[in-house]
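Visitor: Got a sequence here, can you model it:
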Amino acid sequence: MVINETTSYKKIFDEAHEYLLSFDPIDKNMLDKHLNDWKERKPRTVQDLLWGMLESVSNKRNMQSTIGSIEELKPFLEDFIPPRIIEKYDGDWRGLFMTIKNNYEPPGQMKIDNPRSYWVIFCKSVISVSHFLSRFSDLDEFDNFVSQFYLNEYTRVALPLLLEKEVFGLGFALACDFLKENGYPKFVKPDVHIKAIFHGIGISKSDSDYDVFKDVIRFSEDINELPYCVDKLFWLIGSGRFYLDEVKIDTNRDEFIERINHEFK
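Guide: Alright, predicted model coming up:
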């Protein structure tokens, strides 16, 4: 099915609400809490940004089990203050790697001569993130920087593309994840669930991260909803994970796609 110009995106959004609310024990308060979770995630300092970006970098398959808690690395990361990290290690990821290896017992192996090692990737990420964030004196300056990309879906998508180039190991989808989960609700992450649903109901003609990102932004603006809320709503349909309440429901994204296609056939 292809959604045409006369189709109400608002009705699709409402159908998504109704679908989730049809499950026990999901109610409106629980759903609203998850759709507005971004308000609790807003950083207060540049240090919070660095921590958040490293959390997103390590959000790769099995990487967190190798790196462990980023908070425990705080003594080696100069309290997450970017300029101090650059100064201490002279911008060299190897110095950081060896300092951690000699003073910490990580959950995963540390092999400096393996470029695919998660620890090598992580240390390179720390240095590149620190270089990037050192350009911002405080959070307000970073907020102003981000706001310059809000004009439309084309400028919006440019920021995660920029971060992908600036931060080693981040990648486009993880850059979107960082922005969305760190207090910037006008961004979305085109993850497997969002891509499957938007492509499945015909809003996205492509299932590429780049195109789906733009399509979700357009969809959100058309119905005057925050992109974060749209992203989270359809992610909940795909995952069934109401993590704030430790509730897992048996959603079926293919069933939802069929429901929407039947409704607008």
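Visitor: Could I get the phi/psi values of M110?
Guide: M110 adopts backbone torsions of phi -120, psi 110, taken as degrees, to the nearest 10.
Visitor: Let's see the pLDDT reported for it.
Guide: With respect to pLDDT, M110 scores 94.
Visitor: Spit out the contact partners of it.
Guide: Counting by Cβ atoms under 8 Å, 6 or more residues apart in numbering, M110 makes contact with F97, I100, K101, S117, W119. In this view, the C-beta of every residue, glycine as well, is placed from N, C-alpha and C.
Visitor: And the strands in this structure, which stretches?
Guide: Using DSSP state E, the strands of the chain run over 241-242, 247-248.
Visitor: hey, which of these is tucked in deepest?
Guide: strand 241-242 (a mean of 17; mean count of other Cβ atoms under 10 Å).
Visitor: Please name every helix or strand in contact with it.
Guide: On a contact count with 3 or more Cβ pairs under 8 Å, 6 or more residues apart in numbering; DSSP states H and E, strand 241-242 meets strand 247-248.
Visitor: about what we covered before: okay if I get the strands of the chain as a markdown table plus mean pLDDT and distance to F187?
Guide: Shown next, in a markdown table, are the strands of the chain (pLDDT from 0 to 100; distance: least, Cβ to Cβ, whole Å):
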| stretch | mean pLDDT | distance to F187 |
| --- | --- | --- |
| strand 241-242 | 98 | 20 |
| strand 247-248 | 98 | 26 |
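Visitor: right, and these - which one's nearest I194?
Guide: Nearest to I194, of all the strands of the chain, is strand 241-242, at 14.1 Å by Cβ to Cβ.
Visitor: Can you give the contact residues for that closest one?
Guide: Contacts for strand 241-242 (Cβ under 8 Å, 6+ apart): I26, M30, H34, L236, V247, K248, I249.
Visitor: can I assume the fifth one is in contact with D24?
Guide: No - taking contacts as Cβ atoms under 8 Å, V247 lies outside contact range of D24: 9.7 Å.
Visitor: Check the gap between S208 and E181 for me.
Guide: 22 Å (Cβ to Cβ, to the nearest Å).
Visitor: Using a markdown table, lay out the contacts of strand 241-242 together with distance to S220.
Guide: Below are these laid out as a markdown table (distance: Cβ to Cβ, whole Å):
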| residue | distance to S220 |
| --- | --- |
| I26 | 22 |
| M30 | 22 |
| H34 | 16 |
| L236 | 16 |
| V247 | 25 |
| K248 | 26 |
| I249 | 24 |
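Visitor: Could you turn the buried ones of those residues into a ChimeraX selection?
Guide: Provided next is the ChimeraX selection string for whichever of the contacts of strand 241-242 are buried by 16 or more other Cβ atoms under 10 Å:
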select :26,30,34,236,249
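Visitor: Looking at S208 and E181, which one has more neighbours?
Guide: Applying other Cβ atoms under 10 Å to S208 and E181 shows that E181 carries more neighbours, namely 19 against 14.
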